[in-house]
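Engineer: Next come a sequence and a model predicted from it.
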Amino acid sequence: MDMRTPLGKVRGLGSAKEGTDHFWRQRLTAVANLPLLIFFVFFVARYAGAPHAEVVAALSNPFVAVIMAFVVTSALVHMRIGMQVIIEDYVHAEGAKIALLMLNTFFAIAIGGLCLFAILKIAFAG
Amino acid sequence: MTNVTRSRPLSPHLQIYKPIPTMVMSIMHRITGGALYFGTILVAWWLIAAASGAAYYDWVSWLFGTLIGKVVLFGYTWVLIHHMLGGIRHLIWDLGYGYEKHFATRMAKATIIGSATLTLVIWIVGYLVR
């Protein structure tokens, strides 16, 4: 017997009211990460060990700067929700779990803020 | 109450099963994902170094170019490629394909062989274009 209301069934969001949002975002960023990280790997392979001026010149290119910002954003969203699942799977103490889940978001935002600032600084100020 | 819960028998866990390719690749997908999480520190470090100026960038670039640096970056490349191929496998499953036992095992083996091969190719090509 299904106890759910017809409206609840149509919405399909479950008790947490999130539905398939986590799953969907994981896949959405996974698909985005494919071309973005292939670009990143090629870029790093090309400019590894290159002189500073050359790397900055390459990163100053508007297309490279924007794509690099996409790389960082998509990868960080993907890894943040991925690590969330790892924490939820292995950390059972309620306090530690909540602390780690918060730390997880703080880490992703800190890395994202630093990377995006560096990318924009190079793009606008060299 | 706690005693009652604790004395309950547990179902067999990972260590009781013989490792099979799909299982090992599943575990490795999670481990490589976790490693990539902390690997972003290196990406942030590299970008910040480039934004900080030539002197600091040259130092970081030198550090990444040392033997230990190269080993870490080679490992990082492999972990990234491995997680990427594992992810493609998951996307294939999401589309509803690749569940047949022997095919799934072959895909699992292809993931490790593919990631090792691609990593070597990337590094060899990386050296050749220099």
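Structural biologist: Thanks, I have it.

Engineer: Longest helix in the chain, please.
Structural biologist: Picking chain A for this. The longest helix of chain A (DSSP state H) is helix A:94-125.

Engineer: nope, chain B please
Structural biologist: If you go by DSSP H, chain B has its longest helix at helix B:21-52.

Engineer: What average pLDDT does the longest helix of chain A get?
Structural biologist: In this model, helix A:94-125 carries a mean pLDDT of 97.

Engineer: tell me what that helix is packed against?
Structural biologist: Contact here means 3 or more Cβ pairs under 8 Å, 6 or more residues apart in numbering or on different chains; DSSP states H and E; on that basis helix A:94-125 packs against helix A:52-60, helix A:62-90, helix B:21-52. In this view, the C-beta of every residue, glycine as well, is placed from N, C-alpha and C.

Engineer: And the ones you listed: which comes nearest B:Leu120?
Structural biologist: helix B:21-52 (17.0 Å; Cβ to Cβ).

Engineer: residues from chain B in reach of chain A?
Structural biologist: Contact residues (Cβ under 8 Å from any Cβ of the partner chain) of chain B with chain A: B:30, B:33-34, B:36-37, B:40-41, B:43-44, B:47-48, B:50-51, B:53-54, B:57-58, B:61, B:64-65, B:73, B:77, B:80-81, B:84, B:87-88, B:90-91, B:94, B:122-123, B:125-126, B:129-130.

Engineer: repeat that for 6 Å
Structural biologist: B:33, B:37, B:40, B:44, B:47-48, B:50-51, B:54, B:57, B:65, B:87, B:122, B:126 (Cβ under 6 Å from any Cβ of the partner chain).

Engineer: pLDDT score for A:Gly8?
Structural biologist: The score at A:Gly8 is 81. That number is its pLDDT.

Engineer: Relative to the whole chain's centre, how far out is the helix or strand containing it?
Structural biologist: Assigned by DSSP states H and E, A:Gly8 falls within helix A:6-11. Centroid separation between helix A:6-11 and its chain, computed with Cα atoms, centre = their mean, to the nearest Å, is 31 Å.

Engineer: which helices and strands does that helix pack with?
Structural biologist: Judged by 3 or more Cβ pairs under 6 Å, 6 or more residues apart in numbering or on different chains; DSSP states H and E, helix A:6-11 is in contact with no other helix or strand.

Engineer: The following helix or strand past it versus helix A:62-90: what angle between them?
Structural biologist: Using DSSP H and E, the helix or strand that follows helix A:6-11 in sequence is helix A:21-47. Interaxial angle of helix A:21-47 relative to helix A:62-90 (axes from the mean of the first three to the mean of the last three Cα atoms, to 10 degrees): 130 degrees.

Engineer: on that earlier part again, as JSON lines, the helices and strands packed on helix A:94-125 with mean neighbour count, distance to A:Gln26 and mean pLDDT would be great.
Structural biologist: Output for the helices and strands packed on helix A:94-125, formatted as JSON lines (neighbours: other Cβ atoms under 10 Å in any protein chain shown; distance: least, Cβ to Cβ, whole Å; pLDDT from 0 to 100):
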{"stretch": "helix A:52-60", "mean neighbour count": "17", "distance to A:Gln26": "29", "mean pLDDT": "96"}
{"stretch": "helix A:62-90", "mean neighbour count": "17", "distance to A:Gln26": "6", "mean pLDDT": "97"}
{"stretch": "helix B:21-52", "mean neighbour count": "18", "distance to A:Gln26": "11", "mean pLDDT": "97"}
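
Engineer: Looking at these, spot the one closest to B:Pro9.
Structural biologist: Minimum separation from B:Pro9 across the helices and strands packed on helix A:94-125 (Cβ to Cβ) falls at helix A:62-90, 21.6 Å.

Engineer: list the helices and strands the closest one packs on?
Structural biologist: Contact here means 3+ Cβ pairs under 6 Å, 6+ apart; on that basis helix A:62-90 packs against helix A:21-47, helix A:94-125, helix B:21-52.

Engineer: hmm, back to that, check which helices and strands the longest helix of chain B sits against.
Structural biologist: Packing contacts for helix B:21-52, counted by 3+ Cβ pairs under 6 Å, 6+ apart, involve helix A:62-90, helix A:94-125, helix B:54-65, helix B:67-94, helix B:101-128.
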